[in-house]
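Asks: Sharing a model prediction with you, sequence too.
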Amino acid sequence: MKLTILGCHSATPTASTRPTSQVLEIRGNLFLIDCGEGTQMAMRTSRVKFSRIKNIFISHLHGDHFFGLIGMISTFCLLGRDTPLTIYGPKGIREIILLQLKLTKSYTTFDLRFRESESKESQLIYEDDKVTVTTIPLDHRVYTNGYLFEEKPLDRKLDVVACEEYGVDHAYYRKVKQGHDIELASGEVISNDLLTFNPVAAKSYAFCSDTMYKPDIVPIIKNATVLYHESTFLKSHEDLCERTKHSTAAQAADIAKQANVGTLILGHYSTRYGDYELFRKEAQEIFPTVELAADGKVFEF
């Protein structure tokens, strides 16, 4: 699982900071998560292949999370894209994008699809043979969802030596890896745990965009391998959280602790702060395994 942070700061872009956008690579899938201004330039800097982006997930309709989207779509057209692109996001994302295309008399060279959400309950919105994506309802000034990306369980690892010793025919190896017991010609049934090893544990990534402290998301993200949680403020400015519907680093750490995640990544910093290590320090008082997002930074788990 590879996460590339294209941008991780709040509000407006500056000469040295970009708004929210990430690329998650998991089981061969490449997902773009949010698309703030400058995303396509950040993708070029990070050498992310445009052609591999088939699904884009937008958390909410605040500009610093989707203003780069129409530019991205335009670039796809200029590059002659012909493969479908699906955009997942709040109700309204379709209208916004199609209006921009209509008024500029632009036409896509590919099938542009929209999957809009308006439910306040967690929903499965994407599934293929390797990965599922579920919404994480958040609490912000507008309708907002985070996203939970989960690998499907892998096949068990075949113990070839054991299979040969028990006389299991090669024709049954696929079935063995899928977890089935095997009945030999003699009628003897060989338990699957004698023929296989446990697979590598499936991984998951929880993206929690702009939100107030919301502990009722804990059951949804329980035991996630990695949690990205916004931390716009430090405790010294916690009074701003209620008005702006954002979180502190300490609150993000508390969510990570309750959910028993593997690693917490902090981001969406307010530009009022000059030392982001203060966010790590504050969070580690509650949860030990803390990383700081940074524009262009790559995490592999």
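Replies: Perfect, thanks for sending it.
Asks: Quick one: end-to-end length of stretch 290-301, please.
Replies: Start-to-end span of stretch 290-301 (Cα to Cα, to the nearest Å) is 13 Å.
Asks: buried stuff in it?
Replies: Of all the residues in stretch 290-301, those buried under the rule 16 or more other Cβ atoms under 10 Å are 290-293, 295, 297, 299. Any C-beta I mention is one placed from the backbone N, CA and C, and that applies to glycine too.
Asks: Okay, now the unreliable bits of the protein?
Replies: Across the chain, nothing is flagged by pLDDT under 70.
Asks: cutoff 90 now
Replies: Along the chain, the parts satisfying pLDDT under 90 run over 11-16, 154-155, 185, 199-201, 271, 274.
Asks: in the stretch 151-300 of the chain, which spans are strands?
Replies: Assigned by DSSP state E, counting those that start in this stretch, the strands in the stretch 151-300 of the chain fall at 157-158, 182-183, 189-190, 196-197, 204-208, 226-230, 263-267, 290-292, 298-300.
Asks: can you tell which of those is closest to residue 36?
Replies: Ranking the strands of the stretch 151-300 of the chain by proximity to residue 36 (Cβ to Cβ) places strand 263-267 first, at 11.7 Å.
Asks: how about the helices in this protein?
Replies: For the chain, the helices defined by DSSP state H occupy 39-45, 63-66, 69-78, 93-103, 160-166, 173-177, 218-221, 239-244, 249-259, 277-284.
Asks: So which of the ones you listed is nearest residue 229?
Replies: helix 249-259 (3.9 Å).
Asks: and the closest one, C-alpha only, in CSV?
Replies: Extracted in CSV, the C-alpha atoms of helix 249-259 (Å, rounded to 0.1, in the frame of the first residue of the first chain):
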residue,chain,number,x,y,z
ALA,A,249,-4.1,17.0,16.5
ALA,A,250,-5.1,15.8,19.9
GLN,A,251,-8.6,15.0,18.8
ALA,A,252,-7.3,13.1,15.7
ALA,A,253,-5.0,11.1,18.0
ASP,A,254,-7.9,10.3,20.3
ILE,A,255,-9.8,8.9,17.3
ALA,A,256,-6.8,6.8,16.3
LYS,A,257,-6.4,5.4,19.8
GLN,A,258,-10.1,4.5,20.1
ALA,A,259,-10.0,2.8,16.6
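Asks: tell me the angle of that helix relative to strand 263-267?
Replies: Angle, helix 249-259 to strand 263-267, by axes from the mean of the first three to the mean of the last three Cα atoms, to 10 degrees: 150 degrees.
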